[in-house]
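Asks: build me a model from this:
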Amino acid sequence: MDILAEYMPTEHRHQLGTLDVALLLNTLELRGVDIEQLLIGSGLSGLDLRDSNGKLTYADKLSLFSIANQHFPDDGLGLWLGEHASLSHFGVLGYALSTSQDVAEAIKSGFKYLRLNGPIFSVKLLVDSDLAAIQIENTLEVGDLLPFCSEYFLSSIVSLFKELTGEPLSINRLSLPYAPPNYAERYQSRFDCPVHFKQRMCELRFDASVLSQPLLTHDATTLKRYLASCQSIVETLDSEHLLTNQIKTIFYQTAASVPSIEQLAYEFGCSSRTLRRDLITQGSSYQTLLTEVRVELAKELLLGTAMSIDDIGERLGYSDPANFRRAFKSWLNKTPAQFRNGLT
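Replies: From the prediction side, this is the model:
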């Protein structure tokens, strides 16, 4: 099958959009969840996560999703959230989808700017002569949250398709790479197709003819304007603090043995003094960026893997596990074990 559209989040793990988070918070509020307490438990209080232009780190999304799932552990929360998804939840990206010419163009635009929504896995649309498939790859290793993230994304697709076309999406088959949850029967009612668990990959298949289905709200002039707005927002995310993003990417890749400020300066072709000055200009420093990366990676590994706390500390460059525990407590005012277990 040929790839028609693709989204890869790995290059921007420290800056993801929050449109999916805004939908999460709005719908949880409808079910009586105290959002302020939820954000406090996730370590995200004080942030405006309903801002359509907001951004959040990958690790913070994992933390928020994990806390949210603790409220509804066997309820199919992701399926339920997707049922409430509408184009209006996705800001300018939703408007771009609604004014596209057909389903294929809407998906291409959606995947191109999917970072504004901020899913934490890779997504592909593949097509051959008769069949089309949306494949999800667990690139960033979301751990136990894979069912929730898959449900949320796929259930949202079903809702958005119906809103765009006025018709339900006829799905041929849904394959999922995890064991059936306690609420597995909800998958059948939500997707109305054969559902297969414990498969090699996450894949939703449908007839390729669906892609040529026209959208009634197509408006070429308006579409051009909305796509320009999407591009502008993405460029802002890419350009803001570009140097700090580049350095953080290096730290992510070398967490166990990060380069010194002098080694970084050599890589950037400047003196360490110049690099320090440039970082100060952007409101940061070498140590600040290193701490940010260690915090994010620690949270990712605690929530997304079964690694021991000692191994996580070693992965982050701490030869003494006690030093890692002390550092983590100073960052989040919780021990690593408390954070992993969702305790305050």
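Asks: next up, the contacts around residue 83.
Replies: 155, 159, 190 (CB atoms under 8 Å, 6 or more residues apart in numbering). To be clear about C-beta, it is placed using only N, CA and C from the backbone, and glycine gets the same treatment.
Asks: let's see it at 7 Å
Replies: Shown in contact with residue 83 (CB atoms under 7 Å, 6 or more residues apart in numbering): 155, 159.
Asks: cool, residue 193 as well?
Replies: For residue 193, the contact set (CB under 7 Å, 6+ apart) comprises 171-174.
Asks: let's see that with 6 Å instead.
Replies: Residues near residue 193 by CB atoms under 6 Å, 6 or more residues apart in numbering: 171, 174.
Asks: if I look at it, what pLDDT would I see?
Replies: What the model reports as pLDDT for residue 193 is 98.
Asks: could you shift the numbering so residue one becomes 805, and keep it that way?
Replies: Yes, from this point I'll number from 805; that puts the last item at residue 997.
Asks: tell me the SS of it?
Replies: Recorded secondary structure, residue 997: coil (DSSP: H, G, I helix; E, B strand; the rest coil).
Asks: tell me the spacing between it and residue 928.
Replies: Separation of residue 997 from residue 928 (CB to CB, to the nearest Å): 19 Å.
Asks: can you tell me the closest non-neighbouring residue to residue 1119?
Replies: Nearest non-adjacent residue to residue 1119, counting by CB to CB, 6 or more residues apart in numbering: residue 1060, 5.9 Å away.
Asks: got it, and residue 990?
Replies: residue 880 (4.5 Å).
Asks: same question, residue 1110
Replies: residue 947 is the one closest to residue 1110 (CB to CB, 6+ apart), at 7.7 Å.
Asks: residue 1061 - how many residues pack around it?
Replies: 6 (other CB atoms under 10 Å).
Asks: wait, what's in contact with residue 806?
Replies: residue 931.
Asks: how much space between it and residue 840?
Replies: 47 Å.
Asks: ok, residue 912 next?
Replies: Taking CB to CB, one finds residue 912 at 38 Å from residue 840.
Asks: now what about the helix or strand harbouring residue 1091, what contacts it?
Replies: Per DSSP states H and E: residue 1091 is located in helix 1090-1108. Helix 1090-1108 is contacted from outside by 861, 863, 866-867, 870, 945-947, 1048, 1051-1052, 1055-1056, 1059, 1065, 1111, 1116, 1120, 1132, 1135, 1140, 1143-1144, using CB under 6 Å, 6+ apart.
Asks: quick one, domains of this structure?
Replies: 806-1041, 1045-1144 (automatic domain parsing).
Asks: please enumerate the helices of the stretch 905-1054 of the chain.
Replies: Using DSSP state H, counting those that start in this stretch, the helices of the stretch 905-1054 of the chain run over 907-916, 950-969, 989-995, 1024-1043, 1046-1057.
Asks: name all residues that make contact with the residue nearest to residue 1097 when sequence neighbours are not counted.
Replies: Nearest non-adjacent residue to residue 1097, counting by CB to CB, 6+ apart: residue 1055, 4.0 Å away. Going by CB under 6 Å, 6+ apart, residue 1055 touches 1062, 1094, 1097.
Asks: distance of residue 1055 from residue 842?
Replies: For residue 1055 relative to residue 842 (CB to CB), the value is 29 Å.
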